[in-house]
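Novice: Based on what follows, work out the 3D shape:
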Amino acid sequence: MTVINSIEEAEALAEKLAGLDLAGRLSFVAGLGGRVVFTTSLGIEDQVITAEIGTHRLPIDVVTLQTGRLFPETLALIDETESQYDIHIARYEPEQADIDAYAAKYGMNGFYESVEARHACCGVRKLKPLARALAGATIWITGLRRGQSANRAETPFAEYDAERHLLKVNPLADWDIETIKAFVADNSVPVNPLHGRGYPSIGCEPCTRAIKPGEPERAGRWWWEQDEKRECGLHVAEEAAAIAVQQ
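Specialist: Residues are numbered from 1 along each chain as shown. Predicted coordinates for the structure are as follows:
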């Protein structure tokens with residue numbers, strides 16, 4: 001097993017992945033050994049990665065964060081995807097005690113009231129389940145792309161996640177949305193019908209709206225907040241470290 005546990009080694013891997021196609025990137029990473037985990041939100045990017053994992057029967061665990069507040073269309077797509085590719089998508093849910101504690105402090109929909117409350121909700125429903133999903137993993141695969149937002153414009157193919165002590169791989173970093181859509185059409189990849197209704201980025205139902213013409217892909221996420229770098233914390237190092245301390 002090849003263990004990559006430094007920034008320098010991750011940078012070298014990123015250079016290697018840059019010269020491969022998507023299937024090659026995923027196959028190479030899967031061959032490094034250890035537990036390889038792909039976290040999918042069932043968005044169009046993630047469906048492309050899942051399709052390649054299923055089609056090539058790669059030894060990669062596919063997991064999703066079942067937050068308890070997903071769109072019905074997203075939940076239906078989990079089952080459809082499992083059936084089409086004959087794979088299992090493991091669901092990681094928040095702990096009821098954490099949800100109850102959040103509701104007691106902020107109210108069930110308190111995330112609309114402050115950034116603090118919204119981050120706390122994401123912590124309970126996403127970050128803590130993610131920590132369980134990645135337990136024992138050596139490699140974490142994501143669907144991050146540079147074109148998704150200004151905050152993700154420098155996304156590398158591979159990076160060392162010092163807080164989680166694992167290698168993070170973003171095999172679609174250089175794909176634009178048109179390339180994604182072409183792959184989906186050419187390979188009959190099932191996608192969330194909400195994409196066709198103006199939702200390029202889909203999260204929890206109360207926190208996602210359709211975007212307006214000319215808006216960035218992720219403008220519909222936590223739309224009531226003014227910060228243009230809105231994130232849930234899954235891909236923000238400081239948030240990951242805070243959750244680790246709480247556990």
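Novice: Where does the prediction get shaky in this protein?
Specialist: Scanning the chain for pLDDT under 70 picks out 1-5, 149-151, 227-247.
Novice: For it, which segments count as strands?
Specialist: Secondary structure of the chain by DSSP state E: the strands cover 35-39, 61-65, 89-92, 137-141, 158-161, 166-169.
Novice: Please identify which of the ones you listed is closest to residue 19.
Specialist: Residue 19 lies closest to strand 158-161 among the strands of the chain, at 12.7 Å (Cβ to Cβ). C-betas here are computed from N, CA, C, even on glycine.
Novice: State the number of residues packed around residue 100.
Specialist: For residue 100, the neighbour count with other Cβ atoms under 10 Å is 12.
Novice: Roughly how far does it sit from residue 119?
Specialist: 18 Å (Cβ to Cβ, to the nearest Å).
Novice: Check residue 217 too.
Specialist: Relative to residue 119, and taking Cβ to Cβ, residue 217 is found at 21 Å.
Novice: How about residue 168?
Specialist: 21 Å.
Novice: Same question for residue 54.
Specialist: As it turns out, when the distance is counted by Cβ to Cβ, residue 54 lies 34 Å from residue 119.
Novice: can you check residue 113 too?
Specialist: When Cβ to Cβ is applied, the distance between residue 113 and residue 119 equals 12 Å.
Novice: more crowded one of the two?
Specialist: Using other Cβ under 10 Å as the criterion, residue 113 and residue 119 rank with residue 119 on top: 19 against 12.
Novice: who are the neighbours in contact with residue 54?
Specialist: Residue 54 makes contact with 84, 85, 86, 87, according to Cβ atoms under 8 Å, 6 or more residues apart in numbering.
Novice: my read: the first one touches residue 187, true?
Specialist: No. Between residue 84 and residue 187 no contact is recorded; they are 10.6 Å apart, counting by Cβ atoms under 8 Å.
Novice: higher neighbour count, these two?
Specialist: A side-by-side neighbour count of residue 84 and residue 187, using other Cβ under 10 Å, places residue 84 first with 16 against 12.
Novice: Which residue is the nearest non-sequential neighbour of the more buried one?
Specialist: Ranked by Cβ to Cβ, 6 or more residues apart in numbering and with sequence neighbours excluded, the top spatial neighbour of residue 84 is residue 190, at 5.8 Å.
Novice: and what of residue 189?
Specialist: Counting by Cβ to Cβ, 6+ apart, residue 51 is the residue found nearest to residue 189 once chain neighbours are left out, at 4.7 Å.
Novice: Next: residue 98.
Specialist: Skipping the residues right next to it in sequence, residue 98 comes nearest to residue 124 by Cβ to Cβ, 6+ apart, at 4.4 Å.
Novice: So the one you found sits against residue 102, correct?
Specialist: Yes. Contact between residue 124 and residue 102 holds when scored by Cβ under 8 Å: they sit 5.0 Å apart.
Novice: which residue sits closest to residue 30 in space, ignoring its chain neighbours?
Specialist: residue 58 is the one closest to residue 30 (Cβ to Cβ, 6+ apart), at 4.7 Å.
Novice: distance of the residue of the chain most remote from its centre from residue 122?
Specialist: Here the centre of the chain is the reference, and by Cα atoms, centre = their mean the most remote residue is residue 104, at 28.2 Å. Relative to residue 122, residue 104 is positioned 18 Å away (criterion: Cβ to Cβ).
Novice: ditto for residue 31
Specialist: Distance from residue 31 to residue 122, counting by Cβ to Cβ: 33 Å.
Novice: Neighbour count: the two, which is higher?
Specialist: Per other Cβ under 10 Å, whichever of residue 31 and residue 122 has more neighbours is residue 122, with 23 against 12.
Novice: any idea how far residue 184 is from that one?
Specialist: With distances defined as Cβ to Cβ, the gap from residue 122 to residue 184 amounts to 28 Å.
Novice: Also residue 39?
Specialist: As for residue 39, its distance to residue 184 is 19 Å (criterion: Cβ to Cβ).
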